[in-house]
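In: fold the stuff below for me.
(one chain, ligands or ions: 1)
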Amino acid sequence: MLRITDLHVWYGGIHAVKGISLNIPKGQIVTLIGANGAGKSSTVRAITGLVKQVSGEINYKRPNGENIKLLSNTMVMLPEDIVKVGIAMSPEGRRILPHLTIEENLQLGAYIRNDKEGILKDMDWVYTLFPRLKERAWQKGGTLSGGEQQMLAVGRALMSNPDLLILDEPSLGLAPILVRELFNTICQINAMGKTILLIEQNAFAALHIAHRAYILEVGSIVLEGEGKKLLTDPKVKSAYLGG
Ligand code: ATP
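Out: Residues are numbered from 1 along each chain as shown. Take a look at the predicted model:
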């Protein structure tokens, strides 16, 4: 569904992503794992059109068979157009709108749509996935706990009805029990047909649910394979799973 080939990202003289290639097949959960500064967010920013100094190819195939070049050499697509072709991102640090209620934040996620019935159906689906959001629909985003804000960020991304959902470090700052709950929900979202790119530092949680995984170190992919297989890989165990 999404194929990245020889992607480079620079910030001035800093070469943050150094020629990575990865493949996200339709219907799968693919995880990109790496420590702080490995280049995970830069990769996501390249997919979503948010970096300027970039080169490589990013090809996206829509479920209707249409092929779209998100990045071709140095030509990037605009972020708003990327949402329109069916890609949504839940950003690192959540970035929900603190003065708006949960319901209003979710409605904003659907801003590109005008199918009222579909929007209501997806709102119900998000409330089924995250009952806690339903209980607090009128609470302002800024007063939610970290875990609730994370649920809202994922819910808001779902409201654009994406085919590909990108989650940038959803477990950041969450207690282990909430991580488990959220990752169960990510599996449910995937089971409903959404393809997922999961960016994570929490290798243990991510490898458990991912069909395929890529490990990123200082801008390069150093290892790739099936999620569960990498859980037992000695290099992964010592570097990312605490031995
Ligand atoms: P983290 O998990 O800490 O967010 P990451 O794997 O997402 O890390 P990136 O945010 O992609 O890593 O950063 C990769 C490298 O690029 C780092 O060395 C970082 O300092 C650098 N970098 C990122 N954004 C900028 C920027 N706007 N200007 C300059 N350097 C940047």
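In: could you point out which element follows the lowest-mean-pLDDT helix or strand in the chain?
Out: In the chain, no helix or strand scores lower on mean pLDDT, DSSP states H and E than strand 75-76, which sits at a mean of 69. Next helix or strand after strand 75-76 toward the C-terminus (DSSP states H and E): helix 79-84.
In: which stretches in the protein count as strands?
Out: 2-11, 14-24, 29-33, 54-61, 67-73, 75-76, 87-90, 164-168, 195-200, 212-217, 220-226 (DSSP state E).
In: who wins for proximity to L174 among these?
Out: strand 195-200 (11.7 Å; C-beta to C-beta). For every residue, glycine as well, the C-beta is placed using N, CA and C.
In: that closest one pairs with which strands, and in what direction?
Out: Strand 195-200 has the following sheet partners, assigned by DSSP bridges: strand 29-33 (parallel), strand 164-168 (parallel).
In: those strands: which one's closest to the ligand?
Out: Closest approach to the ligand among the strands paired with strand 195-200 (C-beta to the nearest ligand atom): strand 164-168, 7.7 Å.
In: pull the residues that contact that closest one.
Out: Strand 164-168 has contacts (C-beta atoms under 8 Å, 6 or more residues apart in numbering) with 1-2, 24, 40-41, 44, 47-48, 60, 86-92, 154, 157-158, 186, 189, 194-199.
In: is that strand up against the ligand anywhere?
Out: No. Using C-beta under 6 Å from any ligand atom, strand 164-168 stays clear of the ligand, coming no nearer than 7.7 Å.
In: kindly calculate the angle that that strand makes with strand 2-11.
Out: On the basis of axes from the mean of the first three to the mean of the last three C-alpha atoms, to 10 degrees, strand 164-168 is oriented at 40 degrees to strand 2-11.
In: buried residues in strand 164-168?
Out: Neighbour counts over strand 164-168 (16 or more other C-beta atoms under 10 Å) mark L164, L165, I166, L167, D168 as buried.
In: the fourth one pairs with what?
Out: Which is L167. Beta-bridge partners, per DSSP bridges, of L167: S90, L198.
In: grab the longest helix from the protein for me.
Out: Looking across the chain with DSSP state H, the single longest helix is helix 176-191.
In: run the chain-centre distance for that one.
Out: Its chain's C-alpha centre and that of helix 176-191 lie 13 Å apart, by C-alpha atoms, centre = their mean, to the nearest Å.
In: start at 877 instead
Out: With 877 as the first residue, the last one maps to helix 1052-1067.
In: how about that helix: buried residues?
Out: Quick answer for helix 1052-1067 (16+ other C-beta under 10 Å): L1054, V1055, E1057, L1058, F1059, T1061, I1062, I1065, N1066.
In: including pLDDT and distance to the ligand, could these go into TSV?
Out: Listed next are the buried residues of helix 1052-1067 as TSV, based on pLDDT from 0 to 100; distance: C-beta to the nearest ligand atom, whole Å:
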residue	pLDDT	distance to the ligand
L1054	89	19
V1055	92	16
E1057	92	22
L1058	93	17
F1059	95	18
T1061	95	22
I1062	97	18
I1065	97	22
N1066	98	22
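In: nearest to E1102, of the strands paired with strand 1071-1076?
Out: strand 905-909 (10.7 Å).
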